[in-house]
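[1] next input, structure requested:
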Amino acid sequence: MEYRRLGKTELQVSALGIGALKYGSVTQETASEIVKAAHQNGINYIDTARGYGESEIRLGHALKKLRLRDRFYLSSKIINRDFKQFQQDFETILSNLQTDYLDILFIHDVSTRENWDKVRSNGILDYVQELRSKGRIRHIGVSTHDCGIGEEIIRTGIFEAAMLAYNPTNLEAEDTLFPLCAAMDLGVIVMKPLGGGVLSEERSRQMGFSVTAEECLKFAMSSPYVSTVIPGLDKAEYLNIALHAVNSYIDMTEENRRAVIAKVDIKVKNYCRGCGYCRPCPQGIPIPDVLKYWNRWEVFGGVDWSQMHRITEEYTKEVPDSGTPDHCISCGACTKKCPFNLPIPKLMEAAAKNLRRY
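    Prediction:
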């Protein structure tokens, strides 16, 4: 395993880390097994968030049982903009993770002017700096999906690490925030290296092109700006693919990188990355699941009848009658939370008109 300096934090983090978004959906046994295997293979960084369901709880139990807390750099994120709730969320994080400190606390998804203004004005910045001075957190980070507002945030000098989306379909940070982070000596943690799962062999073929998860992980790791890459590793097979990538990424030449970019052809403009930030829907619609099938339908609808049959079959099995997109009331709660600004109510309307059920 290669270890890289995480900017001014001076932490030496593994080039491959664990993104624990879906750990709340796996058993405690599975979570513990993956954490143990990750440690045995040299991984020393795990990221979770207050908004990831039971993820923190699973990780807390695993790290305590395995006695591995001091062998991992552990980060979590808070998305709440209310000051008192932000404080409560931090205490909950420590309780769930069964630790008395975090290596990095991220202010989560500061991707709009409104969000940044709230963070600046409600005492959160002072609070996280106070936590650092007391040793309850070691370092302060920020995650953002917007390069414009991200530049302003990073230039404040408050933050020590930035969590940024980067993959062959999302290259904006490469020419904007990456060089700025290097100039400000911020460590870069790459989220969404697989585009929410779309950039894998099976899912990419469902979207009308073909690329492998290993290719995309090697792509992200090969950037000289990147300290660590954190794909979602909630299955042993995913961990094995990622480990193979980190052990061979050095073969990714600039020509190889351009080839990967050329292979990726997202034919759907408003494709869902499956991050789940839009949840919960007040109407109970499993929005990421619906959009997964709607995106595939936009590619193959009316063109490939075998694919359309498969989409219909899978959609009927996975999306319950109570959660079909025709239940959408266009309240807009989801659009306010989507980091990619997808027009979700309009997409629900289109999906309701076109997706069929058995």
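
[2] how about the strands in this structure?
    3-5, 12-14, 18-19, 45-47, 73-78, 102-107, 137-144, 161-165, 187-191, 228-229 (DSSP state E).

[3] highest average neighbour count across those?
    Ranked by mean neighbour count, those are led by strand 228-229 with a mean of 30 (mean count of other CB atoms under 10 Å). Quick note: C-beta positions are derived from backbone N, CA and C, even for glycine.

[4] and residue 97, what is it in contact with?
    48, 56, 59-60, 63, 74, 76 (CB atoms under 8 Å, 6 or more residues apart in numbering).

[5] please repeat the previous calculation with a cut-off of 6 Å.
    56, 60 (CB atoms under 6 Å, 6 or more residues apart in numbering).

[6] got the phi/psi numbers for residue 198?
    Main-chain dihedrals, residue 198, degrees, to the nearest 10: phi -70, psi -30.

[7] from residue 47, how far out is it?
    In this view, residue 198 and residue 47 are 20 Å apart by CB to CB, to the nearest Å.

[8] just the CA atoms of stretch 256-265, as CSV, please.
    The C-alpha trace of stretch 256-265 is given here as CSV (Å, rounded to 0.1, in the frame of the first residue of the first chain):
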residue,chain,number,x,y,z
ASN,A,256,-4.3,5.5,-20.6
ARG,A,257,-6.1,8.3,-18.7
ARG,A,258,-7.3,9.9,-21.9
ALA,A,259,-8.4,6.5,-23.1
VAL,A,260,-10.6,6.0,-20.0
ILE,A,261,-12.2,9.5,-20.5
ALA,A,262,-12.9,8.6,-24.2
LYS,A,263,-14.6,5.4,-23.2
VAL,A,264,-17.1,7.1,-20.9
ASP,A,265,-20.1,8.3,-22.8
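
[9] so what touches it?
    So stretch 256-265 is contacted by 168-169, 209, 211, 215, 219 (CB under 6 Å, 6+ apart).

[10] hmm, which of the residues you listed are the buried ones?
    168-169, 211, 215, 219 (16 or more other CB atoms under 10 Å).

[11] could I get those residues as TSV with distance to residue 309 and pLDDT?
    Converted to TSV, the buried ones among the contacts of stretch 256-265 look like this (distance: CB to CB, whole Å; pLDDT from 0 to 100):
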residue	distance to residue 309	pLDDT
168	30	91
169	27	86
211	24	91
215	29	93
219	33	94
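
[12] contacts only, for residue 71.
    Counting by CB under 6 Å, 6+ apart, residue 71 has contacts residue 39.

[13] try 7 Å
    39, 44 (CB atoms under 7 Å, 6 or more residues apart in numbering).

[14] out of the strands of the chain, nearest to residue 331?
    Closest to residue 331 of the strands of the chain is strand 73-78 (CB to CB; 24.5 Å).

[15] ok, the buried ones among the contacts of stretch 256-265 vs residue 243, which is closest?
    residue 215 (14.9 Å).

[16] excluding its backbone neighbours, what's nearest the closest one?
    Nearest in space to residue 215, with sequence neighbours left out and distances taken as CB to CB, 6 or more residues apart in numbering, is residue 260 at 5.2 Å.

[17] the one you found and residue 232, how far apart?
    From residue 260 to residue 232 the distance is 19 Å (CB to CB).

[18] what does residue 338 give?
    18 Å.

[19] ok, residue 73 next?
    Taking CB to CB, one finds residue 73 at 18 Å from residue 232.

[20] same thing with residue 257?
    In terms of CB to CB, residue 257 sits 22 Å off from residue 232.

[21] so for the two, which sits in the more crowded spot?
    Neighbours were counted for residue 257 and for residue 232 using other CB atoms under 10 Å; residue 232 has more, 21 against 16.

[22] what pLDDT does the residue nearest to the more buried one when sequence neighbours are not counted get?
    Of all residues not flanking residue 232 in the chain, residue 19 sits nearest, at 4.7 Å (CB to CB, 6+ apart). Among the per-residue scores, residue 19 shows a pLDDT of 93.

[23] and the one 3 residues further on, by the same measure?
    pLDDT recorded at residue 22 is 86.

[24] and it, what does it touch?
    232, 234.

[25] for it, what are phi and psi?
    phi -100, psi 10.

[26] number of residues surrounding residue 292?
    25.

[27] contact partners for it?
    Per CB under 7 Å, 6+ apart, neighbours of residue 292: 272, 274.

[28] for residue 207, see how far away it is.
    According to CB to CB, residue 292 stands 10 Å off from residue 207.

[29] state the distance from residue 136 to residue 101.
    6 Å.

[30] now residue 208: closest residue in space that isn't a chain neighbour?
    residue 299 (4.4 Å).

[31] pretty sure the one you found is touching residue 269, no?
    No - Residue 299 is not in contact with residue 269 according to CB atoms under 7 Å; the separation is 11.5 Å.

[32] of these two, who's got more company?
    residue 299 (19 against 8).

[33] and for stretch 321-329, what's in contact with it?
    By CB under 7 Å, 6+ apart, the residues outside stretch 321-329 that reach it are 283-286, 290, 345, 348-349, 351-352.

[34] stretch 228-239: which residues count as buried?
    Buried, per 16+ other CB under 10 Å, within stretch 228-239: 228-234, 238-239.
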